[in-house]
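S.K.: show me the folded form of this:
(one chain, ligands or ions: 1)
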Amino acid sequence: MQHLLDPSSWKSLTGWFAERGQPAFRAAQIRKWIFEGRAESFQGMSDLPKSLRDELAAGYQLWTSKVVRHLQSADGTEKLLLELSDGGRIECVLLRDGERRSICISTQVGCAMGCVFCASGLDGVDRNLTGGEIVEQMLLLQRLLPARERLSHIVVMGMGEPLANLENLLPALDEASAEDGLGISHRRITISTVGLPKQLQRLCDLNTRYHLAVSLHAPNDALRNQIVPVNKNIGLREIIHAADRYFEVSGRRLTFEYVLLAGVNDQLRHAHELAALLRSRQALLNVIPYNPVAGLPYKTPSPAAVHKFRDILVAAGINVKFRQRKGDEINAACGQLRRSEPALSQIDS
Ligand code: SAH
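M.R.: Down below sits the predicted model:
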């Protein structure tokens, strides 16, 4: 059965209505129910004829994922563990920050990039998510909000490498930004990537206007090769060049992300080298002190080490921000999303 939330379904739906002698505005009615009305089923779409609701339910599937776990943290963060129709599992997160209501969504079941400090890639990748599965995460997270609240931001920073699934991601983000979709401005949607130059070039060619974040994590290739293994085939120069091109084409200020791992990439020489790399760029540097992942040997640097690192960058004129840790109490912080929960004893430790 066709998944109605898949962005490709809407075209065929128009024909489907025509075949049944139904007016074309039915599709718009349904979109309103789904994106604004937060309808849970076709039956709830009360301005459609009853017989049409039954036919829709027989011809189209609205939901394909099941919420198998819903966790809430004292800081307002909520995390959903979803089971997909083939049994695959992913996680996605709702974050509250002042007026902001951001969601962090996944693009793949697992991840092939192998970053040594991240939970999402521990078991490699199974498959890309479909466009419908990506839209479904947005809607399931939206439903966690009271009716008067709207989603304001999307970060594509969940499980997976978004640029490895552009084909399905971009149509899903179109639904997020469409007026008759979630209506979230392009500027409030961020795609975070490990840095795949060819795919970045494709984004440039498509002239997308999304905000781009590039996960750097090391100021030189020797170190980056160790902690971000895909770097071996690419190299920092090429990535930064591709990111610069994206900035030229999109006009959006770039963000670089840097996970701070104690004793690995948090030394003063790393800060100096990073400052030299970014000095000539109008970029924002987002530093993320490591969020612990059960089973991995890395450590979060001490506050004093973090301050020293920051002082060097600030003194060099780099625009640096520290990402506030959110949702770590429920393993919903950056890098902690995975296919299944680790044993409870591991969470508690
Ligand atoms: N694959 C994409 C998006 C997913 S990760 C990317 O690499 O950008 C989103 C961000 O969280 C990335 O910057 C990632 O490096 C970071 N991250 C991964 N594991 C982390 C951890 N344990 N602690 C803090 N940040 C982490």
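
S.K.: around the ligand, which positions in the chain sit nearby?
M.R.: 113, 115, 117-118, 157, 161, 192-194, 215, 257, 259, 288, 290-291, 293, 334-335 (CB under 6 Å from any ligand atom). From N, CA and C alone the C-beta is placed, and that goes for glycine too.

S.K.: 8 Å instead?
M.R.: Taking CB under 8 Å from any ligand atom, the part of the chain that reaches the ligand is made up of 111, 113, 115, 117-120, 155-162, 192-195, 213-215, 217, 228, 257, 259, 286, 288-293, 296, 298, 323, 333-336.

S.K.: in this structure, which residue sits nearest the ligand?
M.R.: Gly335 (1.9 Å; CB to the nearest ligand atom).

S.K.: Pro171: which element?
M.R.: helix 166-177 (DSSP states H and E).

S.K.: got the contact list for that helix?
M.R.: For helix 166-177, the external contacting residues (CB atoms under 8 Å, 6 or more residues apart in numbering) are 7-8, 35, 107, 128-132, 134-135, 138, 154, 156, 162, 181-186, 189, 191, 199, 202-203, 206, 208, 210.

S.K.: for the helix or strand just after that helix, name the packing helices and strands.
M.R.: Later in the chain than helix 166-177, the nearest helix or strand by DSSP H and E is strand 189-193. Contacts defined by 3 or more CB pairs under 8 Å, 6 or more residues apart in numbering; DSSP states H and E place strand 189-193 against strand 153-156, helix 166-177, helix 197-205, strand 211-215.

S.K.: look up the closest residue to the residue of the chain closest to the ligand, ignoring the ones flanking it.
M.R.: Cys118 (4.5 Å; CB to CB, 6 or more residues apart in numbering).

S.K.: ok but the one you found is inside a strand, no?
M.R.: No: under DSSP: H, G, I helix; E, B strand; the rest coil, Cys118 sits outside any strand and is assigned coil.

S.K.: make 18 the starting number, not 1.
M.R.: Done: numbering now begins at 18, and the last item shifts to Cys135.

S.K.: which residues touch it?
M.R.: In this structure, Cys135 makes contact with Cys128, Val310, Gly352, judged by CB under 8 Å, 6+ apart.

S.K.: sorry, back to before: surely the residue of the chain closest to the ligand touches Glu274?
M.R.: No: because the distance of 10.4 Å does not satisfy CB atoms under 8 Å, Gly352 is recorded as not touching Glu274.

S.K.: which neighbours do these two have in common?
M.R.: What both Gly352 and Glu274 touch, as defined by CB under 8 Å, 6+ apart, is the set Ile305.

S.K.: so how do I select the buried members of the contacts of helix 183-194 in ChimeraX?
M.R.: Here is the ChimeraX selection string for the buried members of the contacts of helix 183-194, based on 16 or more other CB atoms under 10 Å:
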select :24,52,124,145,146,147,148,149,151,152,155,171,173,179,198,199,201,206,208,216,220,225,227
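
S.K.: need the contact list for the closest residue to Thr272 other than its chain neighbours.
M.R.: Leaving aside its sequence neighbours, Thr272 sits nearest to Ala230 (CB to CB, 6+ apart; 4.1 Å). Ala230 makes contacts with Val172, Met174, Thr207, Ile208, Ser209, Thr210, Leu271, Thr272, Phe273, Glu274, Asn303, as judged by CB under 8 Å, 6+ apart.
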